[in-house]
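Asker: okay, sequence plus prediction incoming.
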Amino acid sequence: LNRLTLDTVDGISGINAGANDAHLISDLQDSGPLGGINQNAGAYIVANGLRLDSKGSVELNLSAGNNVATLAADLYLTGLGNGSFSYKDSNALTIGTVLAQSGIKTNNRAVNVTAGALLRVDGDAASNVGVSAGTASVSLQGTDIQLGATGGNGTEITGGSIKLRATTAGTGTISTPATGAASVVSGTNVGLEADTYSFGGLKPTFAATNSVFYGKVTDNSLILTSDLDGASHNAPTLVIGNHVAAEDDTAGAITVDSAFANSYAGTKTLVLLSGAGITQIQPITVDRLAVYAGGTVNLNDASNSITTLAGTTSVGNFVFKNAAALTACEISGGDPLVTLTGVSAPAGSVNLKTTAGNITLNQPVSAWNTVTLDSAGAITDGNAAANNVTALGLVALAATGIGHGNALETQVSYLEAVNSGANNIEVTNTGALDILSGMGNTGGNIGVDNTGGITTGAAAITAGGNVVLTAHSPLTIGSGGISAGGSVPLP
């Protein structure tokens, strides 16, 4: 048995079946040298339909001349196949039914198909199978990608990592116009890249064990989350955008202009990745939110409701408002993987606010300028003795304590803290510290233990309980003085 190779023989190159169908068969598995079917330069296939049955790999990827209307391939062959599949076409291509064979099937081997124009993936009436690669990767690329026939059957694509890419800048579209449902099901990740998304017909489903990723082809183009309306997602993580401009994805701004919720997104973690800014005009409701931006992050919708947050912006401020308790934590997402720890704005300020519930710092919050923590409940230390806040200054506002029972560890130059209800304010700081805007706690003690000098200003420090300021070098009390319902020991 030999590998079937398309070549030039007696001046005739490749196969030209005209308006007829072509059927190529190879019974040779990959074993050491590749079996299956391949082609040499200039030996192209031209046909109305092309059916390929092969136990070994198919490598028909010289796209300059291959030109078939419809493609079908069986590399599974009742479990006997062991080859991967690679095909490139110079024009529009439909993965469909040819000579009673429907779709492309492999035995856990990769599938790569590229079309020079529209790539359409149809499913047959019986099973809707368009591409089935088992646990192996699937890559489909065309100027546009259409899942399912217009007004006809839907389709199903299954595999390991699955990537669909519509390459035309500005207008390239991934669409689902079929009257039958389309589904893309991955054992790892689903990646969609297009400048336009159009999900008509029945709602398509994008499902993955790890994440579903939406990006754009044109760098620096705006992403509107409403572009994704009409699709159903079933994956632990939904990733929108890409912060790496050099890649073939977006580095543009993201606007959350449609409400995201667990029930809508089918996900527990939402990851927003942008090389520019991120804003919103609709709320976000998910368990975990990760944000990476190259510009200002302004997610201040009062109806946001998340549990845990991680994020950073390399330029500008990071602002987030939440209608529930909020925890700063570590979250990973994206492809390539991005891991975000705590919340940071190395060239700006951070402002985190809850209108209900505590702010818990399981991971640090840092900023070049000011960190503002405004909690409807308490501000609590969730990372034991590790640092909680590093910034030029900290403004901490709470209703039921700040570092109560477990002091906040900080490294700041100025501090302003107000607690309007019960429990203590407890802060341990490193570095010379100014408390010029005062501190207030109506329902408990104030305790500041500073490694370095402490200077207070014209604003008073007041507490319903004790006030203890511990400076491990000079302590200077300003004109505002100290007022306490309890004792005021000054070490």
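Answerer: Perfect, I can see it now.
Asker: need the helix or strand of this protein with the lowest average pLDDT.
Answerer: Lowest on mean pLDDT, DSSP states H and E among the helices and strands of the chain sits helix 262-265, with a mean of 49.
Asker: tell me the helices and strands packed up against the next helix or strand along the chain from that one.
Answerer: Downstream of helix 262-265, the first helix or strand assigned by DSSP states H and E is strand 269-274. Here strand 269-274 touches strand 237-242, strand 254-256, strand 288-293, strand 330-333, going by 3 or more Cβ pairs under 8 Å, 6 or more residues apart in numbering; DSSP states H and E. Quick note: C-beta positions are derived from backbone N, CA and C, even for glycine.
Asker: so how far is Ile12 from Val448?
Answerer: Going from Val448 to Ile12 by Cβ to Cβ, to the nearest Å gives 89 Å.
Asker: so who does Gly421 touch?
Answerer: 398-401, 442-443 (Cβ atoms under 8 Å, 6 or more residues apart in numbering).
Asker: reformat these as JSON lines; add secondary structure.
Answerer: Output for the contacts of Gly421, formatted as JSON lines (DSSP: H, G, I helix; E, B strand; the rest coil):
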{"residue": "Ala398", "secondary structure": "strand"}
{"residue": "Ala399", "secondary structure": "coil"}
{"residue": "Thr400", "secondary structure": "coil"}
{"residue": "Gly401", "secondary structure": "coil"}
{"residue": "Thr442", "secondary structure": "strand"}
{"residue": "Gly443", "secondary structure": "strand"}
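Asker: highest neighbour count among those residues?
Answerer: Ala398 (27 neighbours; other Cβ atoms under 10 Å).
Asker: so it is in contact with Gly377, correct?
Answerer: Yes. If you go by Cβ atoms under 8 Å, Ala398 and Gly377 touch, sitting 6.9 Å apart.
Asker: please enumerate the shared neighbours of those two.
Answerer: With Cβ under 8 Å, 6+ apart, Ala398 and Gly377 have common neighbours Ile359.
Asker: for Gly377, which non-adjacent residue is closest in space?
Answerer: Nearest residue to Gly377, sequence neighbours excluded (Cβ to Cβ, 6 or more residues apart in numbering): Asn358, at 3.9 Å.
Asker: confirm for me that that neighbour is in contact with Leu373.
Answerer: No. The pair Asn358 / Leu373 is not scored as a contact, 10.3 Å apart, by Cβ under 8 Å.
Asker: poorly predicted segments of the stretch 251-400 of the chain, please.
Answerer: 251, 261-266, 334-336 (pLDDT under 70).
Asker: coming back round to it: neighbour count winner among Asn358 and Leu373?
Answerer: Leu373 (25 against 21).
Asker: show me what that one is bridged to.
Answerer: Note on Leu373: beta-bridge partners Leu352, Ala396, judged by DSSP bridges.
Asker: three-state assignment of the closest residue to Ile240 other than its chain neighbours?
Answerer: Nearest in space to Ile240, with sequence neighbours left out and distances taken as Cβ to Cβ, 6+ apart, is Tyr214 at 5.1 Å. Assigned with three-state DSSP, Tyr214 falls in the strand class.
Asker: and for the one 3 residues further on?
Answerer: The three-state assignment at Val217 reads coil, by three-state DSSP.
Asker: ok so, going back, need the contacts of Gly421 in TSV (columns: distance to Val389).
Answerer: Shown next, in TSV, are the contacts of Gly421 (distance: Cβ to Cβ, whole Å):
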residue	distance to Val389
Ala398	14
Ala399	19
Thr400	19
Gly401	16
Thr442	23
Gly443	23
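Asker: out of those, who's nearest Thr390?
Answerer: For these, the minimum distance to Thr390 (Cβ to Cβ) is 19.4 Å, reached by Ala398.
Asker: contacting residues for the closest one?
Answerer: Neighbours of Ala398 in contact, by Cβ under 8 Å, 6+ apart: 359, 373-375, 377-379, 418-421.
Asker: which of those are buried?
Answerer: Buried members of the contacts of Ala398, counted by 16 or more other Cβ atoms under 10 Å: 359, 373-375, 377-379, 418-419.
Asker: next step: those residues restricted to strands.
Answerer: Counting by DSSP state E, the buried ones among the contacts of Ala398 place 359, 373-374, 379, 418-419 in strands.
Asker: farthest pair in those?
Answerer: The largest separation in those, counting by Cβ to Cβ, is between Ile359 and Val418 at 14.1 Å.
Asker: report the beta-bridge partners for the residue nearest to the spatial centre of the chain.
Answerer: Most central in the chain under Cα atoms, centre = their mean is Val239, positioned 2.1 Å from the mean C-alpha point. Legend: beta-bridge partners of Val239 under DSSP bridges are Phe213, Val271.
Asker: distance of it from Ile223?
Answerer: Val239 is 11 Å from Ile223, by Cβ to Cβ.
Asker: shared neighbours of those two, anything?
Answerer: Contacts common to Val239 and Ile223, judged by Cβ under 8 Å, 6+ apart, are Tyr214.
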